[in-house]
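J.: When you get a sec, could you give me coordinates for this:
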Amino acid sequence: MPSGVRGALVQRVSALPEGPLDVSWLPAGTPRLPLGRIRLHWEPASRAGWDVTAHLGLATTEVLLASWPAAPDNWPRLVRPTLHEVTGLCASLAVATVALDLSNCLTEV
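T.: Residues are numbered from 1 along each chain as shown. Below is the predicted model of the structure:
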């Protein structure tokens, strides 16, 4: 990872098994993650491979979503299924939240 960055913000996760992860760099001074967004961080492992972590932005904090210690060099392929599932879940929860808010507004009328 370049110096001066906090990690990579996941922009898009392909549904294809061999599909790409689209990311953008997060500057080191960036405040916490927005709700439902995922940050990846990786660094060389002590013996071989990469230590990879993923954090998820919640309403008031960030939580450790997953970690892959000593992941092989093709680690994006390893982490992609987890990231794809979590981004889908976050999108579904966002839609459900909007639907509940709309339902509450309609019952107040």
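
J.: and the helix or strand encompassing Leu102, what other elements does it pack with?
T.: Using DSSP states H and E, Leu102 sits within helix 75-108. If you count contacts as 3 or more Cβ pairs under 8 Å, 6 or more residues apart in numbering; DSSP states H and E, helix 75-108 packs onto strand 5-13, strand 21-27, strand 38-44, strand 50-57, strand 62-71. Heads up, the C-betas are built off the backbone N, CA and C, glycines and all.

J.: can you list the weak-confidence ranges in the chain?
T.: Confidence mapping of the chain against pLDDT under 70 gives the ranges 109.

J.: Can you pull up the most central residue in it?
T.: In the chain, the centroid-proximal residue (Cα atoms, centre = their mean) is Ile38; its distance is 1.9 Å.

J.: list the contacts for that residue?
T.: Applying Cβ atoms under 8 Å, 6 or more residues apart in numbering to Ile38 gives the contacts 9-10, 54-57, 65, 83, 86-87.

J.: so how far is Ala66 from it?
T.: When distance is defined by Cβ to Cβ, to the nearest Å, Ile38 is 10 Å away from Ala66.

J.: what is in contact with those two at once?
T.: Residues touching both Ile38 and Ala66 (Cβ under 8 Å, 6+ apart): Ala54.

J.: Just give the number of residues close to the spatially closest residue to the residue nearest to the centre of the chain that is not a sequence neighbour.
T.: Among residues not flanking Ile38 along the chain, Val10 sits closest, at 4.3 Å (Cβ to Cβ, 6 or more residues apart in numbering). Neighbours of Val10 under the rule other Cβ atoms under 10 Å: 23.
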